[in-house]
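Novice: Sequence and predicted structure, then a few things I'm wondering about:
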Amino acid sequence: MLSALFAGPRKGSAGLLNDLLELALLAGEAQALWALAGQGAHALRDDALLAICTTLPSQIDRQKIWLETMLKSLAPQLFIAR
């Protein structure tokens with residue numbers, strides 16, 4: 001999936017915007033996968049894995065908030081510059 005998203009180096013603000021959008025997609029996928037792993041940990045009654053599956057998604061939440069903030073600040077600048 002990574003190679004399908006990040007095709008190669010990009011230049012300029014439009015490239016940065018595309019990179020941020022693709023990172024947001026990856027963060028959403030990672031969050032969904034941790035939710036699935038958490039369901040598996042719950043079914044297996046694996047407390048150690050369940051602890052990880054409840055801790056790491058909060059870090060992804062922070063990353064998604066940062067990405068959204070960057071996208072919101074960059075997108076208007078890109079549209080104005082064109």
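Specialist: Alright, I've got the coordinates.
Novice: What's the mean pLDDT across the helix or strand encompassing residue 58?
Specialist: Secondary structure from DSSP states H and E places residue 58 in helix 47-81. The average pLDDT within helix 47-81 is 90.
Novice: Quick check: the gap between residue 31 and residue 80.
Specialist: Distance, residue 31 to residue 80, using CB to CB, to the nearest Å: 32 Å. Bear in mind the C-beta positions are built from the backbone N, C-alpha and C, glycine included.
Novice: Neighbour count for the two, which is higher?
Specialist: A count of neighbours by other CB atoms under 10 Å puts residue 31 above the other of residue 31 and residue 80, at 16 against 7.
Novice: Helix or strand for that one, just tell me which one.
Specialist: Assigned by DSSP H and E, residue 31 falls in helix 12-44.
Novice: Residue 81 and residue 13 touch, don't they?
Specialist: Yes - counting by CB atoms under 8 Å, residue 13 is a contact partner of residue 81 at 6.6 Å.
Novice: who's more crowded, the two?
Specialist: It is residue 13, of residue 81 and residue 13, that has more neighbours when counted by other CB under 10 Å, with 15 against 9.
Novice: residues contacting that one?
Specialist: 74, 77, 78, 81 (CB atoms under 8 Å, 6 or more residues apart in numbering).
Novice: Which residue is the nearest non-sequential neighbour of the third one?
Specialist: In space, not counting the residues next to it along the chain, residue 78 is nearest to residue 13; the distance is 4.7 Å by CB to CB, 6 or more residues apart in numbering.
Novice: For stretch 52-72, could you pull out the residues that count as buried?
Specialist: Residues of stretch 52-72 classed as buried by neighbour count (16 or more other CB atoms under 10 Å): 53, 57, 60, 63, 64, 67, 70.
Novice: now stretch 74-82: how far from the chain's centre is it?
Specialist: 22 Å (CA atoms, centre = their mean, to the nearest Å).
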